[in-house]
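> Build me a structure from this.
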Amino acid sequence: MTIDELSKLMKEGFEQIQRQFEDVNKRLGNLETDVAWIKGKLEGTQEGKASVWQIITTATAVGAVIIVLIALLK
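Predicted coordinates for the structure are as follows:
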């Protein structure tokens, strides 16, 4: 092999490695997007559960006040 052939072969190898790095970078970007979407879904679910618990707590407190008022009026 001549130096020119080796140089061409190395250039092709480096180009192939560069394409592979670009593919990995693209996949990593997609993975980051997917993880962010999942994180958002989990946070939304947690906020929904917190909202439900707040309603239950408020309803329980209102119920307790009503029971106390009924007990006081009798």
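> quick one: the residue most central in space within the chain from residue 33, how far?
Closest residue to the average C-alpha location of the chain: residue 39 at 2.1 Å, with CA atoms, centre = their mean. Distance check for residue 39 against residue 33: by CB to CB, to the nearest Å, it reads 11 Å. (Each C-beta comes from the backbone N, C-alpha and C, glycine too.)
> Check which helix or strand the residue nearest to the centre of the chain maps to.
Per DSSP states H and E: residue 39 is located in helix 3-73.
> State the pLDDT value of residue 38.
Per-residue pLDDT puts residue 38 at 91.
> Now for it, how many residues are close by?
By other CB atoms under 10 Å, the residues close to residue 38 number 10.
> what ranges of this protein fall below the confidence cut-off?
Nowhere does the chain drop to pLDDT under 70.
> one more time with 90, if that's ok
Within the chain, the stretches with pLDDT under 90 are 1, 4, 6, 40-53, 71-74.
> residues near residue 21, how many?
Neighbourhood size, residue 21 [other CB under 10 Å]: 10.
> Number the residues from 15 up from this point.
Got it, first residue is 15 now, which makes that one residue 35.
> Quick check: the gap between it and residue 17.
Per CB to CB, residue 35 is found 26 Å from residue 17.
> now stretch 38-45, how far from the chain's geometric center?
Between the centre of stretch 38-45 and the centre of its host chain there is 15 Å, according to CA atoms, centre = their mean, to the nearest Å.
> With only the CA atoms kept, save it in PDB.
Provided in PDB are the C-alpha atoms of stretch 38-45 (Å, rounded to 0.1, in the frame of the first residue of the first chain):
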ATOM      1  CA  VAL A  38     -25.000   8.500  18.900                       C
ATOM      2  CA  ASN A  39     -25.400  12.200  19.500                       C
ATOM      3  CA  LYS A  40     -28.800  12.200  17.800                       C
ATOM      4  CA  ARG A  41     -29.900   9.200  19.800                       C
ATOM      5  CA  LEU A  42     -28.800  10.800  23.000                       C
ATOM      6  CA  GLY A  43     -30.800  13.900  22.100                       C
ATOM      7  CA  ASN A  44     -33.900  11.800  21.500                       C
ATOM      8  CA  LEU A  45     -33.300  10.000  24.900                       C
END
